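Novice: sequence? don't have it. structure:
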């Protein structure tokens, strides 16, 4: 064999190996629907003529960390914060602000929680391998809907777990009226090791999410899980990929569960005091010439364009939002009266955005 033939053979072998690597890397992205999720939130220039913005109060700078920044802002900025294991069992007795940012916990990050009184009651549950997955549907599971399954962690027994999860799933079903999503829950509680930084919570074992999803998919379709945690800590987080977590027994549990579940359907946060660049624009804070594709695509489908408010800047660049912020569950939620858009906890635009997002996955 000549040197030329050997060179060609090696080139072909290299090309084949390269394609194998590419296929191996793409398979999990396709399986987890990462590509359509990213495509949905890519920034574009809006195709609809926007109304004249209404200035609201003193403009706020969202992209500069303040001297008196809170813990969540510090985490956003990349400040190393200690990580703590999540204690399971007793119910929380106090609440903090009920919203937490959609943000992954970086490896090595840690928090020191407030002291918690020990409890003699320990939660009883199964490990993932022996978990008996009996899924209870809250209604008809439609093929083209987003399938959310609620699971419980830290509950004393199956009866307590089922009662709380049915309450949460029923509330979510009402709050997401008009959205292409169906709800179910698993009757038996589960044992998971979790870690948290302030209100943000994540799996201690990175493979547990895939194991949980695989276990449920043996008996029921599932796109994401909502994990209700019986814990003394007030927690709430959503991973934009496949899970939401929140404290199970608190007066704000349903609001938290609703807010975090909405993140799974493409909605962003509008209430934070500090953002790093990659979290803007989103569905709640955007620029006149740049907003997520699913937000831009949703506007022409509304009967009328909602009021537009100028709310601040990101390093001097003006930021805007639709609708009044105090009644917006994804924004500075502190309602003082009825919603201008009706009874739904979500605005008509948010409902359209979520439905657009689900359409990209189905």
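Specialist: Yep, that arrived. Small disclaimer: the values here were computed from a predicted structure and weren't measured.
Novice: ok, the residue most central in space within the chain - contacts?
Specialist: Nearest to the mean C-alpha position of the chain, counting by CA atoms, centre = their mean, stands residue 238 at 2.9 Å. By CB atoms under 8 Å, 6 or more residues apart in numbering, the contact set of residue 238 is 102, 244, 245, 260, 261, 263, 264. Backbone N, C-alpha and C define where each C-beta goes, glycine included.
Novice: so which residues of this structure form helices?
Specialist: Secondary structure of the chain by DSSP state H: the helices cover 3-31, 34-41, 71-76, 158-175, 208-217, 253-264, 293-298, 348-361.
Novice: average pLDDT for the third one?
Specialist: In this model, helix 71-76 has an average pLDDT of 77.
Novice: how far away from the center of its chain is that helix?
Specialist: Distance of helix 71-76 from its chain centroid, counting by CA atoms, centre = their mean, to the nearest Å, is 17 Å.
Novice: next, the buried residues of it.
Specialist: In terms of neighbour count (16 or more other CB atoms under 10 Å), helix 71-76 has its buried residues at 72, 73, 74, 75, 76.
Novice: redo those as JSON lines? Include distance to residue 44.
Specialist: JSON lines is the format used below for these (distance: CB to CB, whole Å):
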{"residue": "72", "distance to residue 44": "29"}
{"residue": "73", "distance to residue 44": "28"}
{"residue": "74", "distance to residue 44": "32"}
{"residue": "75", "distance to residue 44": "29"}
{"residue": "76", "distance to residue 44": "25"}
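Novice: looking at the residues you listed, which one is closest to residue 333?
Specialist: Nearest to residue 333 among these, counting by CB to CB, is residue 72 at 15.6 Å.
Novice: isn't that closest one right next to residue 237, touching?
Specialist: No - the pair residue 72 and residue 237 does not pass the contact test of CB atoms under 8 Å, sitting 10.6 Å apart.
Novice: how does the protein divide into domains?
Specialist: For the chain, automatic domain parsing gives the domain ranges 3-31, 44-63+275-361, 71-264.
Novice: what's the burial count for residue 229?
Specialist: 25 (other CB atoms under 10 Å).
Novice: any idea how far the residue nearest to residue 48 when sequence neighbours are not counted lies from residue 202?
Specialist: Excluding the flanking residues, the one nearest residue 48 by CB to CB, 6 or more residues apart in numbering is residue 299, at 4.3 Å. Separation of residue 299 from residue 202 (CB to CB, to the nearest Å): 34 Å.
Novice: those two: which has the busier surroundings?
Specialist: The neighbour comparison of residue 299 against residue 202 (other CB under 10 Å) goes to residue 202, with 23 against 19.
Novice: beta partners of that one?
Specialist: On the basis of DSSP bridges, residue 202 is bridged to residue 195.
Novice: might one say that it is in contact with residue 193?
Specialist: No - in this structure residue 202 lies outside contact range of residue 193 using CB under 8 Å: 10.4 Å.
Novice: which stretches of the stretch 201-350 of the chain aren't confidently modelled?
Specialist: The stretch 201-350 of the chain contains residues with pLDDT under 70 at 240-241.
Novice: I figured residue 314 hits residue 280, correct?
Specialist: Yes - with contact defined as CB under 8 Å, residue 314 counts as touching residue 280 (5.5 Å).
Novice: what do the two both touch?
Specialist: With CB under 8 Å, 6+ apart as the test, residue 314 and residue 280 both reach 62, 63.
Novice: compute the number of surrounding residues for the closest residue to residue 265 other than its chain neighbours.
Specialist: Of all residues not flanking residue 265 in the chain, residue 354 sits nearest, at 4.0 Å (CB to CB, 6+ apart). Number of residues near residue 354 (other CB under 10 Å) recorded here: 26.
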